[in-house]
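# fold the stuff below for me.
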Amino acid sequence: MSKVSRKVLIVEDEVLVGMMLARKIEERGFSVCEVVGTGEEAVSATDHHAPGVILMDVSLGGEMDGIEAGQRIRETSSVPIIFFTGYYQDKNLLARAKEIQPLAVMDKLETMDKIVTVLERAFPAL
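Residues are numbered from 1 along each chain as shown. Okay, here's the model as predicted:
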């Protein structure tokens, strides 16, 4: 009997924020396969880990931002992507993010309960 993995890839270039998210998400019953800081690492980690969902910051270090990384990931995978951003009021950014049909686009200041609620939508009932 196979059980669905609740594996989450976190893409966050602020190391402490990424670590905090990983700890809080694991406390809620998810498995964090990796925390990476660039779009390039996100693409590679998606290929390597096959996560069940990606929690991705829009603003990242490296050559590509989170939305560009999401577009690259979409070329080879249908893994659900949840974008989170500190620039939630930026209409252009939101329009770009929505073009790749993410599971959600969230304000970085959302509560952990809200983030977990959206993560739950990425996984079928266990």
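
# roughly how far does Leu60 sit from Ala42?
Leu60 is 8 Å from Ala42, where distance means CB to CB, to the nearest Å. In short, each C-beta sits where N, CA and C put it, glycine included.

# what's the overlap in contacts for those two?
Shared contacts of Leu60 and Ala42, defined by CB atoms under 8 Å, 6 or more residues apart in numbering, comprise 11, 66, 69.

# let me know the closest of those residues to Asp90.
Among these, Gly66 lies closest to Asp90 (CB to CB), at 12.9 Å.

# quick one: that closest one and Ser31, what's the gap?
Using CB to CB, we find Gly66 at a distance of 21 Å from Ser31.

# show me which of those two is the more surrounded one.
Gly66 (27 against 13; other CB atoms under 10 Å).

# pretty sure the more buried one sits against Thr38.
No - in this structure, Gly66 is not within contact of Thr38 by CB atoms under 8 Å, at 9.6 Å.

# name the residues contacting each of those two.
Residues touching both Gly66 and Thr38 (CB under 8 Å, 6+ apart) are 11, 60.

# what about Leu93, neighbour count?
Leu93: 19 surrounding residues under other CB under 10 Å.

# strands of this protein, residue ranges please.
7-11, 31-36, 53-57, 81-85, 104-107 (DSSP state E).

# dump the ones you listed into TSV; add distance to Arg23 and mean pLDDT as well.
TSV is the format used below for these (distance: least, CB to CB, whole Å; pLDDT from 0 to 100):
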stretch	distance to Arg23	mean pLDDT
strand 7-11	11	96
strand 31-36	9	96
strand 53-57	13	95
strand 81-85	16	92
strand 104-107	18	90
